[in-house]
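J.: Next input, structure requested:
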Amino acid sequence: MLHRSHKFIHGSAHAAADLPLARVWFIGASMLSDHILFIDGEALVLDKPAGLPVDEPRRGGDSVAGRIDELRCGFRRAPTPMHRLDTDTSGCLLFARNAKARALFQQAFETRAVQKYYVAVVPGVVEQEHGLIELPLSKVSSAEAGWRMVADERGHEATTYWRRLAIRDGSTLVEFRPVTGRTHQIRVHAREAFGSGIVGDRVYGMPGGPMLLHASRLVVPREGRATIDVTAPLPDYFGEWANAA
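T.: All right, here's what the predicted structure looks like:
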């Protein structure tokens, strides 16, 4: 159920640590190029596997950045990621293949012309069909607990549209479309809107098993070229939810 007392949350008029297991199925010897969803002369969209960070971790280890040569695909220079996905989030990740494309994509993100869609599983039955979450976020940190994002009226603007996709066995599959791109935005908004976070989210939700959050679709308008509109299938560990997405 939605917390209707939360003044930042608007719904429809209808009634309303340890490494996570997601990393166990890691891509291993597979090349990143095997996970390309779209490619042309200026853009590349990767279906990033869960468990693989985009940037090289401070403690070392595998990453997209460390394997970027696998995405050259004949270009002399490696592509540049235009946004980030959390380590345990899978799905669509956009790269620019040259400097001109990088500038154009950067402008598209800054003007909010890029549309990003995510799907996630949350515990409980979400009664409303769709809604809008407007909840500013701030980063807090401590020596004991590290850092996390929290709801804060004085924080940065954060806006997310959502709609219910399916209900099964007491849980709900939800599609999220963030308007802003704050760190951990969907994960925090899911917790605040639905009373509990995303299944498998060790920080904001229900720990245990892989985090069921997936960047399912990316839409990038381009001048003089066809719009990039790419969908990434749900990973196998989403189980029967794949039929409902």
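J.: Tell me which residue of this protein is furthest from the middle?
T.: Distance from the C-alpha centroid of the chain peaks at R76, with 29.3 Å (C-alpha atoms, centre = their mean).
J.: in a strand, that's where that one is, yeah?
T.: No - assessed with DSSP: H, G, I helix; E, B strand; the rest coil, R76 is coil; it does not lie in a strand.
J.: Could I get the pLDDT score of it?
T.: R76 is assigned a pLDDT of 91 by the prediction.
J.: do the one 4 residues further on as well
T.: The predicted structure scores T80 at 97 on the pLDDT scale.
J.: where along this protein do the strands fall?
T.: Counting by DSSP state E, the chain has strands at residues 9-11, 36-39, 43-48, 80-81, 90-96, 115-123, 130-134, 137-142, 146-151, 159-168, 171-178, 213-220, 228-231.
J.: Make JSON lines from those and add mean neighbour count and distance to G195 to it.
T.: Quick note: C-beta positions are derived from backbone N, CA and C, even for glycine. Below are the strands of the chain laid out as JSON lines (neighbours: other C-beta atoms under 10 Å; distance: least, C-beta to C-beta, whole Å):
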{"stretch": "strand 9-11", "mean neighbour count": "18", "distance to G195": "11"}
{"stretch": "strand 36-39", "mean neighbour count": "17", "distance to G195": "34"}
{"stretch": "strand 43-48", "mean neighbour count": "25", "distance to G195": "29"}
{"stretch": "strand 80-81", "mean neighbour count": "18", "distance to G195": "33"}
{"stretch": "strand 90-96", "mean neighbour count": "25", "distance to G195": "25"}
{"stretch": "strand 115-123", "mean neighbour count": "22", "distance to G195": "9"}
{"stretch": "strand 130-134", "mean neighbour count": "18", "distance to G195": "13"}
{"stretch": "strand 137-142", "mean neighbour count": "13", "distance to G195": "18"}
{"stretch": "strand 146-151", "mean neighbour count": "15", "distance to G195": "13"}
{"stretch": "strand 159-168", "mean neighbour count": "17", "distance to G195": "14"}
{"stretch": "strand 171-178", "mean neighbour count": "20", "distance to G195": "11"}
{"stretch": "strand 213-220", "mean neighbour count": "23", "distance to G195": "17"}
{"stretch": "strand 228-231", "mean neighbour count": "17", "distance to G195": "29"}
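J.: Please report the distance of G200 from A96.
T.: Per C-beta to C-beta, to the nearest Å, G200 is found 31 Å from A96.
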